[in-house]
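>>> here is my input, please return the structure:
(chains A, B and C)
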Amino acid sequence: MAVKVSVIVNGTRREVADLEPRLLLSDFLRDALGLTGTHVGCEHGVCGACTVLLNGDSVRSCLTLAVQANGCEITTVEGLGTPETLNVLQTQFREHHGLQCGFCTPGMLMTGEDLLRKYPFATDEEIREGLSGNLCRCTGYQNIVAAIRSAAAIRREQTQ
Amino acid sequence: MKPAGFDYVAPATLDAAVEALAAANGEGKLLAGGQSLLPLLNFRMTRPAVLVDLNGIKELSFIEKRGDHVAIGALTRHRDIEHSPLIASDLPVMSAAMRHVAHLAIRNRGTIGGSLSHADPAAELPMLAMFYDARLAVQGPGGRRTIAAKDFFVDALTNCLEPEDIVAEIEFPILRHDGWAFEEAAKRFGDFALASVALSIRRGASGIEDARVAVMGVADTPLRLGDVEKRLVESGIDGRISDRFAEWVASSVTPNSDLHASGEYRKHLLAGLAKRAMTTALAMKG
Amino acid sequence: MSSDRLAQPADVLRPRHVGAPIKRTEDPRLLTGRGEYTADRKPDRALHVAFRRSEQPHAKIIRIDTTAASATPGVVAVLTADSIAGDFKPVIPFSRMSSYYATPIMPLASGKVRYVGEAVVAVIATSRYLAEDAVELIEIDYEPLGAISRAGAAVASDAPLLHEEAGTNVLIAREFKKSDVDADLSAAAVRVSGRFEMTRKAPLAMEPRSYTAEYDARRSALTLYTSSNIPGIVRDALSESLGIPGNRMRVVAPDVGGSFGSKGSLYPEEMLMCIAARKLGRSLKWTADRLEDVSSSSQAFAEIVDAEMGFDSNGVAIALKADVIGDIGAYSIYPWTCGLEPVQVVSFLPGPYKIGSYRGAVRGVATCKPPTGPYRGVGRPISTFVTERLMDLGAKALGLDPLEIRRRNLVRPNEFPYRIASGIIWDKTGFIECLEAAGQTAAYDRLRAQQTEARKQGKLFGIGIASYAELTGIGSRIPAAPGMPINTGSETAKISIDSTGAITAAFGVASHGQGLETTLAQIIADDLGASFDDIRVVQGDSDAVPMSTGTYASRSAVLGGGAAKHASALLQNKIKRVASHLLEANNDDIEVSGGKAMVSGTDRFVTFKQIAKAVYSDTRTLPVDAREELTASYTYDPINGTTAAATHIAVVEIDPVTCFVHILKYVVAEDCGQIINPMIVDGQVHGGVAQGIGAALFEELVYDDDAQLLTASLVDYVIPSALEVPNMDVVHVESQSAVAGGFRGMGEGGAIGAPAAIANAIADALSPFGADVSILPMTPERIFQLIKQSKSKAEEKSR
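This is a model prediction of the structure:
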């Protein structure tokens, strides 16, 4: 059985036919679309490295079939900002040294974006709770929390 | 770690889904939020021939008040329950429990119908279904029928459904209570519970008039502790009530030991959580 | 050539890069998904590999039937040990150690399997999905040979032998001795002892191991992209094993998603990928799934230590005796050998203390588990755990405060260099300074007062201290692993200014999160006098960098940094020589900074770009003999290495209901010498401590008695998430070391101190029960059992 998947990824319509229904969204993004910024760390939904936004909500792309994303809008880390013009959250990750090896970072950023949107007034404890589904082995989280806290403050200022 | 092959159908109505499931001759599997199913598929611990994706069935996603019940469509996502003002006001124990359900991204995707059908003995929603004495409306080839939560959970990861049944919606009776608490301990926040207690009470002049108690993580299914509820109603409220409650709760269970904790520790933990729950519930204004 | 503008004050002041929290060069690409990790490679028409791994802990392979697998759609080849037998030489983790048996490393299990998860068959197909379909259809008949799951069982007289040729399951044995420890122990005023255990852990980098072998038919050349932190060692080993010269065998470590030791050895899969790519003439990709990564990457610790310490009546530790048994798993690893982890435990047990006599004996025994290998801290997380527990037990027995007993035992400033009883030499470091700084930052006295109050309210409130020292940036005099024939004592920097004036600095040390692209460029910016933004640091590509053993053992800042300083100085001299021609000034009057060479005290300068043009393109400006290539390389060897030290203080409260440990406060005072980038140093400490918290409270690879791994998923192998790691206070004691630049290595330290500090804090919190902490992790279950046992003991006594 083959399926066709048509999605809008980072604002661009992408369509791929002849896919197996079992293809995971993470593999679809990485292999079929070449968007390797989404990382695969566990494929059982614990580490959070593969988190992307599906119709605006953070989801595990390893726990979603590509075919389920048909007709949806997806944002991956490639859609946030460019190396020359990092977005607010990316900038704060850099300012606060919120990344080391960078492997969990795309998932942290996508979760962070969802958090900032849904909980713009989150306390440190709430930020940590929101991040609890994203594992990082390098940073000890302290600087990631600081980056998100700081990005939240900047976004609040900007929207005022 | 990639799933084995399967066919995929995405029906637009519940009836079509039942038909598709029946057509799979027992080789079909329902896909709702997929947050428990996809890991099993990836590990190849389950290998259905057909996956019937319910996500296109709009009629299954709702939260609505029906008299003294709150009805929740099976495809309602955890985060919608978590953020629902109706749930917060009418099913406060459920509302409080939702933040313990896994993590942000999982709650964005996971559904109540999926969680109940998966019947994990350490998951919050099956416990809440027991706690509220929920009734599950189930659609099968023969039409719709309702199943009480107490009959639904048969064993760990096992429900009473026939292979072609689909949970359509769940009705939760509203408890007119004045004190409640939800306590849970997990190794890491959002992990499956080591143990958990849900408690709700209504107080009157003579003490507790009505009580509801459920626990999880300590048996193969979530448990409602009817005997403990009865003893609470018979017992007055005094300085020792929390301790007695803890004792009753602990003596009602005989948890097994596993990789993460011994039965003995779980019992100790459950007693401590029960005590905390009662203290919290009593601190609420009657 | 001169400028028409006056020198700005900033040019004169020369902004220093070393010591400044400069934002990382790596970040823009990593923050936007533009990094390139091994799995991101997209070679032409690549095939995908999946492995059939052993379900048996120890068994003879009787028959492998690959017929059905070979006939599966998309399958291109199915390889077994037999089908590749002539394609390579086994790799031998050689060592000059006596009492050591080197087990050969094979790409696929040959003859028998020795642990669950060992690769037996490789399937190569057009997609990973199809390859996994085929893996399921392989039939293997085994004859079980008896599992060895525990170190104790391995040394039993009737134990089956994992490697018959070795004649024993004890693959390594060593002893360190100084003075008469038994006599000193008998003479001691107080003796404390215990049996301590650090359970087996997974390094668990977030990026699973990943390899892409790219075959170039035109040159019959192979390029292996690997998630390795020792690409140079991997290249040389593969070249030797496959018989491909280095100019056709290239190994590249691109962006690497953490290692913590798990990517610091040669792996059978790296060999297999290259063998298969050459055999098929195709490019191949493989990335471990998480189960494969946990169950086949090198693991950590797994030691049991029986130790005893004797103190005189003043609280001075005079003698230490230890017997260590290490469960090293099924194989020795390349190049470090199976001695790396267990031997390091006995090397470092005396720690930063002046203990007079010592005997440390160690045996590393083979069991049916994946090999243990490097893990952040190597040996010292457990040696520090043991020694620091003994210090606290001694303090308790003597009625001394834990801070005070350390004060009495640490090597003091005037006593360096100091040779500890195991033979390690500490160069001058701030041991005492770190202890005092940690005490001050934590407000130690106030904490003790707070504890008294908390205890009155029945709270389980504990304060734990751990001091330790580590030997970092080790030079050629000390092999990184015992008896290892590879020189790990030097590193080379090669810095060039090309014809456009751009600077490329090539290093063999390979970053996997440490930010070396930034820190090495900081050093070069200062010492070469270059503009930071003009420097590109190249790493990890055997075609582009000098020979190197890689990044491990807290060595890259010291060795890479030292090489950078020296090479920068050599290149700066060349720049001065050219500039002196161009500016018609004396060599000694040229000052180089910010990418310009200037005549001191004047406004006359030339830029690097102008210098490059003069050297490479504009043949009229320089005499022929002055046109030397603007490149310099230097191989730096710190000979002995340098000491890094720290004191950690952890404050915990234990919830008697859940038995969960809540870390209320965490302070680190550390001495890593001259700090290159304080932001990065703090980040390393945070991450190390978080990992130590995992080791102390959560992480344990549980194998059952049949040597089956019960914790292969991230649901069961629990690493800390954001809620389990507290904010930390990190303070720095920057005592300059004697190596180039005054640096000390510091990548591992956090993970060394944290388990011990937390263990001591838990023991302190539980001291009302008189409970002892002797095994890590201290899970809620273990704390529950400790409290229960102590309570029942107390009840027995009161009866």
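
>>> where does chain A dip in pLDDT?
Counting by pLDDT under 70, chain A has no low-confidence residues at all.

>>> show me it divided up by domain.
A:3-79, A:88-159 (automatic domain parsing).

>>> want to throw the ones you listed into a markdown table with mean neighbour count?
Quick note: C-beta positions are derived from backbone N, CA and C, even for glycine. Output for those, formatted as a markdown table (neighbours: other CB atoms under 10 Å in any protein chain shown):
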| stretch | mean neighbour count |
| --- | --- |
| domain A:3-79 | 22 |
| domain A:88-159 | 22 |
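
>>> can you map out the strands along chain A?
Taking DSSP state E, the strands of chain A run over residues A:3-9, A:12-19, A:51-54, A:57-60, A:73-75.

>>> dump those strands to JSON lines, plus distance to B:Leu37.
Shown next, in JSON lines, are the strands of chain A (distance: least, CB to CB, whole Å):
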{"stretch": "strand A:3-9", "distance to B:Leu37": "18"}
{"stretch": "strand A:12-19", "distance to B:Leu37": "19"}
{"stretch": "strand A:51-54", "distance to B:Leu37": "17"}
{"stretch": "strand A:57-60", "distance to B:Leu37": "12"}
{"stretch": "strand A:73-75", "distance to B:Leu37": "21"}
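
>>> can you say which of those strands is nearest to B:Ala12?
Minimum separation from B:Ala12 across the strands of chain A (CB to CB) falls at strand A:3-9, 16.1 Å.

>>> quick revisit: tabulate the strands of chain A (TSV), appending distance to chain B.
Converted to TSV, the strands of chain A look like this (distance: least, CB to the nearest CB, whole Å):
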stretch	distance to chain B
strand A:3-9	6
strand A:12-19	10
strand A:51-54	5
strand A:57-60	4
strand A:73-75	13
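
>>> what's the closest of those strands to C:Ala71?
So among the strands of chain A, strand A:12-19 is nearest, using CB to CB, at 22.6 Å.

>>> so is the closest one next to chain C?
No - shown here: strand A:12-19 not in contact with chain C (CB under 8 Å from any CB of the partner chain), separated by at least 10.7 Å.

>>> repeat that for stretch B:107-119.
No - Stretch B:107-119 lies apart from chain C when judged by CB under 8 Å from any CB; the minimum separation is 14.3 Å.

>>> can I get the CA coordinates of that stretch in CSV?
Output of stretch B:107-119 as CSV, limited to C-alpha atoms (Å, rounded to 0.1, in the frame of the first residue of the first chain):
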residue,chain,number,x,y,z
ARG,B,107,-0.7,15.8,25.8
ASN,B,108,-1.1,17.7,22.6
ARG,B,109,-1.6,14.5,20.8
GLY,B,110,-2.9,11.8,23.2
THR,B,111,-6.6,11.2,23.5
ILE,B,112,-8.8,10.1,26.4
GLY,B,113,-10.3,7.3,24.3
GLY,B,114,-6.9,6.0,23.5
SER,B,115,-5.6,6.2,27.0
LEU,B,116,-8.6,4.4,28.4
SER,B,117,-8.5,1.7,25.7
HIS,B,118,-4.7,1.2,26.3
ALA,B,119,-5.6,0.5,30.0
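
>>> chain center to the longest helix anywhere in chain C: distance?
In chain C, with assignment by DSSP state H, the single longest helix is helix C:561-583. Computed by CA atoms, centre = their mean, to the nearest Å, the chain-centroid distance of helix C:561-583 equals 33 Å.

>>> which other helices and strands contact it?
strand C:491-497, strand C:503-507, helix C:516-524, strand C:590-593, strand C:596-599, strand C:605-607, helix C:608-616, strand C:631-636 (3 or more CB pairs under 8 Å, 6 or more residues apart in numbering or on different chains; DSSP states H and E).
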